[in-house]
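I'd like to go over a predicted model; first the sequence, then the structure.
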Amino acid sequence: MPVLNRIAGLAPEMQGWRRHLHAHPELGYDCVETADYVAARLREFGVDEVHKGIARTGIVAVIRGQGKGPAVGLRADMDALPITEETGLPHASTRPGVMHACGHDGHTAMLLGAAKYLAETRNFAGDAVLIFQPAEESGAGAEAMVAEGIMDRFGVGQVYAIHNAPGVPEGRMLTAPGPLMAAVDTFHVHVEGKGGHGAMPHETRDPIPAAAAMVQAVQTIVSRNRHAAEDLVISVTQIHAGTTDNVIPSRAYLCGTVRTFEPRVQDMVEDRMTGIVAGIASAHGVCARLDYERGYPATVNTAPEARFAARVAAEIVGETRVEADAAREMGAEDFAYMLRERPGAYLFLGQGDGAGLHHPEYEFNDAVAPVGASFFARLVERALPLDGAD
């Protein structure tokens, strides 16, 4: 792969950084040691500014080019997942129940590699703004960093991010204009009835049949209420009721996830779910409460920036290894909040075969780190060209 020569030479260092982070994962906003490690590397590279403590443990670093110009933001997420690692690798997590099962250690290493290259070469006019974000997996760290004003404070005009993609051929890059990843909502339904003896159901108001009917009925929102051209997923992922075989419980609980791309579809789902829960509860003589929580919005790439990112990716991996109109996915990503504030694009970087994201045997492929770092670096150089540069 035609990665930048200097960055290819940084591959062993990136592997070392990544494996250190992998062995010392941290959750959510508690990326204290991770942030300290990242900040120490950035200072070693000689970046111009390192700002810690944004959104608690986030970092923004600035590298100034050789002339004045706008600023381009590059983002990497730093947090891990509450999963017990099962890889058996020498650099496996040293913290029980916590692991980098989504490759954020690799994303951070790639951005560090780009930072080292950009701090050495400065072959651009303007500012490279490096955003190291906590709490992507939960807690909306991107939203928190935006709320603390990073876009205005550092003059970010456009912003980009990469996520690794297991199962996609190694080094292949994918993006698309418009929606790329879904909005994610969560629903909770609490059903309140009247418990009693399992042999005397006529003396109870059993919440279980009501809950079961709700599980079935919410699926009709997908099959009967959405337009055929609109993507929608509703999955019931938990249902809890009862404690033993001969007691009808007083309460039942169910919850799940909703994935959409359009706000009007979100509104429709919440409205229909509200009606279904109330109607079924009334029919069964129980009470029910729906708590519908709006989560991360859809990740929507702006078209010019998505096309630009695809052209840059083609410089690194070749045109035949870039999919510029990739199919959108039903997963969610809080980088959506940054794309709400500024134009930009989100891309996927194939890392070949292996365990999928959020799996206890997942392992980031260090071989693709130079590809991602080269993409970040070349993107800055192309977005902020020096006078006379192509």
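Happy to help now that I have it. All values reported here derive from a predicted model rather than from experimental measurement.

residue closest to the middle of this protein?
Using Cα atoms, centre = their mean, the residue of the chain that lies closest to the mean C-alpha position is Glu333, 3.1 Å off.

does that residue touch Gly295 like I think?
No - with contact defined as Cβ atoms under 8 Å, Glu333 and Gly295 do not form a contacting pair (11.0 Å). Where you see a C-beta, it was placed from the backbone N, CA and C, and this is true even at glycine.

check the offset of stretch 285-292 from the chain's centre.
For stretch 285-292, the gap between its own C-alpha mean and the chain's C-alpha mean amounts to 31 Å (Cα atoms, centre = their mean, to the nearest Å).

can you show me the CA trace of it as PDB?
Written as PDB, here are the backbone C-alpha positions of stretch 285-292 (Å, rounded to 0.1, in the frame of the first residue of the first chain):
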ATOM      1  CA  GLY A 285     -56.200  -4.300  32.500                       C
ATOM      2  CA  VAL A 286     -52.700  -3.300  33.600                       C
ATOM      3  CA  CYS A 287     -50.800   0.000  33.800                       C
ATOM      4  CA  ALA A 288     -47.700   0.700  31.600                       C
ATOM      5  CA  ARG A 289     -45.200   3.400  31.200                       C
ATOM      6  CA  LEU A 290     -43.000   4.000  28.200                       C
ATOM      7  CA  ASP A 291     -39.700   5.800  28.600                       C
ATOM      8  CA  TYR A 292     -38.400   6.600  25.100                       C
END
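
contacts for that stretch?
For stretch 285-292, the external contacting residues (Cβ atoms under 8 Å, 6 or more residues apart in numbering) are 185-193, 205-207, 210, 214, 270, 273-274, 277-278, 280-281.

next secondary structure after the helix or strand encompassing Ile162?
According to DSSP states H and E, Ile162 maps onto strand 156-165. Next helix or strand after strand 156-165 toward the C-terminus (DSSP H and E): strand 173-174.

for Gln66, which non-adjacent residue is spatially closest?
Here the nearest residue to Gln66 in space, its sequence neighbours aside, is Arg122; by Cβ to Cβ, 6 or more residues apart in numbering that works out to 5.2 Å.

thinking again about what came up before, show me the contacts of stretch 285-292 that map onto strands.
Asp185, Thr186, Phe187, His188, Val189, His190, Val191, Glu192 (DSSP state E).

and the fourth one, how far from Ala217?
What that stands for is His188. Using Cβ to Cβ, to the nearest Å, we find His188 at a distance of 16 Å from Ala217.

ok, now the third one?
Relative to Ala217, Phe187 is positioned 13 Å away (Cβ to Cβ).

with neighbour numbers in mind, choose between these two.
The residue with more neighbours, out of Phe187 and Ala217, is Phe187; 21 against 16, by other Cβ atoms under 10 Å.

test my guess that that one contacts Gly256.
Yes - under the criterion of Cβ under 8 Å, Phe187 makes contact with Gly256 at 5.9 Å.

okay, the ones in strands among the contacts of stretch 285-292 in JSON lines with distance to Asp325 and pLDDT next?
Conversion of the ones in strands among the contacts of stretch 285-292 to JSON lines gives the following (distance: Cβ to Cβ, whole Å; pLDDT from 0 to 100):
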{"residue": "Asp185", "distance to Asp325": "27", "pLDDT": "98"}
{"residue": "Thr186", "distance to Asp325": "30", "pLDDT": "98"}
{"residue": "Phe187", "distance to Asp325": "32", "pLDDT": "98"}
{"residue": "His188", "distance to Asp325": "37", "pLDDT": "98"}
{"residue": "Val189", "distance to Asp325": "38", "pLDDT": "98"}
{"residue": "His190", "distance to Asp325": "43", "pLDDT": "98"}
{"residue": "Val191", "distance to Asp325": "44", "pLDDT": "98"}
{"residue": "Glu192", "distance to Asp325": "49", "pLDDT": "98"}
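
Ser235 against Cys255, yeah?
No - between Ser235 and Cys255 there is no contact under Cβ under 8 Å: 10.0 Å.
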